[in-house]
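Colleague: just the structure for this:
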Amino acid sequence: MQWLECTIETASGGIELLAAYLEQCGYDSLTVEDETEFSDFLDETRPNWDYVDDALRSAMAGKSQIRLYVDQAKSESELQRLKSSLDAVRSQFSNTDFGTLHVSTKVCQDEDWENNWKEYYQPIPIGEKLIVLPEWLKEAETGGRIPVVLDPGLIFGTGQHASTQMCMRALETIIRGGETVADLGSGSGILAITSLLLGAANAVAIDIDPKAEDVARSNAACNGLAGQRLNAKTGNVLADAAIRNELAAAPADIVIANIVADVIIALAPNVKQFLKENGTFLCSGIIDTREAEVAAALEQSRLFITRRFAQDGWRCFVCERRM
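Modeller: Numbering: from 1, shown residues only. Model (predicted):
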């Protein structure tokens with residue numbers, strides 16, 4: 001089946017009203033793209049990122065548009081109905097800026113949208129020992145590497161990002177066997193799970209997103225890890241004294257924080273209480289322009305960098321806790 005993709009150029013001030021009106025007219029599955037909303041999102045979530053892809057920022061510049069799809073076989077009548085709806089909304093809400101309301105179209109083939117996204121997740125060899133496999137390729141040939149099996153979803157941590165890959169490479173050199181691990185900002189649980197697969201005895205995985213807890217447990221099960229070896233929980237280490245006290249009561253051999261520079265800087269003064277003496281703090285997600293700032297904060301907290309990793313403009317530090 002063929003579909004006609006219709007893109008309606010509009011203005012930020014009227015985009016929400018236009019989307020609501022079109023839904024009332026029977027159009028569903030609308031895609032709304034608005035530069036103002038995108039910019040507001042970046043401002044609101046600033047503590048959670050240090051980098052936005054320039055291509056994405058450019059793609060959103062000056063853009064306010066709505067996309068919808070109609071049956072190509074009925075394109076003539078459907079386009080006429082759409083244009084009549086656009087004329088009607090402009091007339092009914094004459095004081096609202098809807099922009100040009102210009103409609104552009106292109107033909108799209110019907111596809112298997114449910115499964116096509118899987119082609120973007122292929123096996124990823126990492127370091128000397130590891131290979132990340134999406135769950136549906138868990139039987140793939142590993143070449144003797146240790147498979148880390150994940151069901152990719154909305155939670156950060158698929159093994160594709162440089163910050164995660166550097167942590168996994170670092171863990172290959174840190175884990176000797178029998179260690180306890182605390183993964184702060186664990187996302188999918190990939191680093192806690194990697195630690196266990198490399199020989200750590202047990203790991204706690206903590207994330208601020210409640211969805212991450214179930215995702216980490218599910219991914220642990222994909223790797224055949226017994227539930228008691230991975231303790232996944234929800235919480236904010238910076239804001240929740242109870243979680244900090246819990247971590248301090250049972251210091252770990254290794255603490256991991258694959259987050260962003262601002263959070264690592266804020267976390268640094270607390271890390272020593274979570275670590276055994278001479279324990280290792282592994283931190284990543286540091287954009288290269290923040291490297292010196294993060295390094296200074298770590299040293300001030302008596303966390304001394306013993307090894308640095310660099311990849312694709314990101315940095316990862318292996319630190320030793322010293323008295």
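Colleague: buried residues in the longest strand that the chain contains, which are they?
Modeller: Scanning the chain for the longest strand, with DSSP state E as the assignment, gives strand 275-287. Neighbour-count burial for strand 275-287, counted by 16 or more other C-beta atoms under 10 Å, picks out 275, 279, 280, 281, 282, 283, 284, 285, 286, 287. C-betas here are computed from N, CA, C, even on glycine.
Colleague: please enumerate the strands of the stretch 1-150 of the chain.
Modeller: Taking DSSP state E, counting those that start in this stretch as the criterion, the stretch 1-150 of the chain carries its strands at 2-9, 31-34, 64-71, 103-109, 124-126, 130-134, 146-150.
Colleague: now residue 191: how far from residue 259?
Modeller: According to C-beta to C-beta, to the nearest Å, residue 191 and residue 259 sit 11 Å apart.
Colleague: cool, residue 273 as well?
Modeller: Distance, residue 273 to residue 259, using C-beta to C-beta: 18 Å.
Colleague: repeat that for residue 14.
Modeller: 38 Å.
Colleague: which one's more surrounded, these two?
Modeller: When neighbours are counted by other C-beta atoms under 10 Å, residue 14 and residue 259 differ, and residue 259 comes out ahead with 26 against 20.
Colleague: might you report the residue contacts of the nearest residue to that one once chain neighbours are set aside?
Modeller: Residue nearest to residue 259 in three dimensions, not counting chain neighbours: residue 185, with 4.2 Å by C-beta to C-beta, 6 or more residues apart in numbering. Residues in contact with residue 185 (C-beta atoms under 8 Å, 6 or more residues apart in numbering) are 206, 207, 208, 257, 258, 259, 263.
Colleague: closest to residue 298 among those residues?
Modeller: Residue 298 has its nearest neighbour among the contacts of residue 185 in residue 257, at 10.7 Å by C-beta to C-beta.
Colleague: is residue 258 bridged to anything, and to what?
Modeller: Here residue 258 sits in beta bridges with residue 284, going by DSSP bridges.
Colleague: quick check, it in contact with residue 284.
Modeller: Yes. Assessed by C-beta atoms under 8 Å, residue 258 is found in contact with residue 284 at 4.6 Å.
Colleague: which stretches of the stretch 1-150 of the chain form helices?
Modeller: Ranges of helices in the stretch 1-150 of the chain, per DSSP state H, counting those that start in this stretch, are 15-24, 35-44, 54-60, 75-92, 113-116.
Colleague: put the alpha carbons of the longest one into PDB.
Modeller: Meaning helix 75-92. Output of helix 75-92 as PDB, limited to C-alpha atoms (Å, rounded to 0.1, in the frame of the first residue of the first chain):
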ATOM      1  CA  SER A  75      -5.000  11.400  -2.600                       C
ATOM      2  CA  GLU A  76      -7.100  13.900  -4.700                       C
ATOM      3  CA  SER A  77     -10.100  13.900  -2.400                       C
ATOM      4  CA  GLU A  78      -8.000  13.700   0.700                       C
ATOM      5  CA  LEU A  79      -5.900  16.600  -0.300                       C
ATOM      6  CA  GLN A  80      -9.000  18.700  -1.000                       C
ATOM      7  CA  ARG A  81     -10.400  17.800   2.400                       C
ATOM      8  CA  LEU A  82      -7.100  18.700   4.100                       C
ATOM      9  CA  LYS A  83      -6.900  22.100   2.300                       C
ATOM     10  CA  SER A  84     -10.600  22.800   3.200                       C
ATOM     11  CA  SER A  85      -9.800  22.000   6.800                       C
ATOM     12  CA  LEU A  86      -6.800  24.400   6.800                       C
ATOM     13  CA  ASP A  87      -8.900  27.200   5.200                       C
ATOM     14  CA  ALA A  88     -11.600  26.600   7.900                       C
ATOM     15  CA  VAL A  89      -9.100  26.700  10.800                       C
ATOM     16  CA  ARG A  90      -7.600  30.000   9.600                       C
ATOM     17  CA  SER A  91     -11.100  31.500   9.200                       C
ATOM     18  CA  GLN A  92     -12.300  30.300  12.500                       C
END
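Colleague: wait, residue 305 sits on residue 319?
Modeller: Yes. Residue 305 is in contact with residue 319 according to C-beta under 8 Å; the separation is 5.3 Å.
Colleague: what are the buried residues along stretch 77-96?
Modeller: Neighbour-count burial for stretch 77-96 [16+ other C-beta under 10 Å]: 78, 82, 85, 86, 89, 90.
Colleague: now render those residues as TSV, adding pLDDT and distance to residue 235.
Modeller: Formatted as TSV, the buried residues of stretch 77-96 follow (pLDDT from 0 to 100; distance: C-beta to C-beta, whole Å):
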residue	pLDDT	distance to residue 235
78	92	50
82	95	48
85	96	48
86	96	48
89	95	46
90	95	49
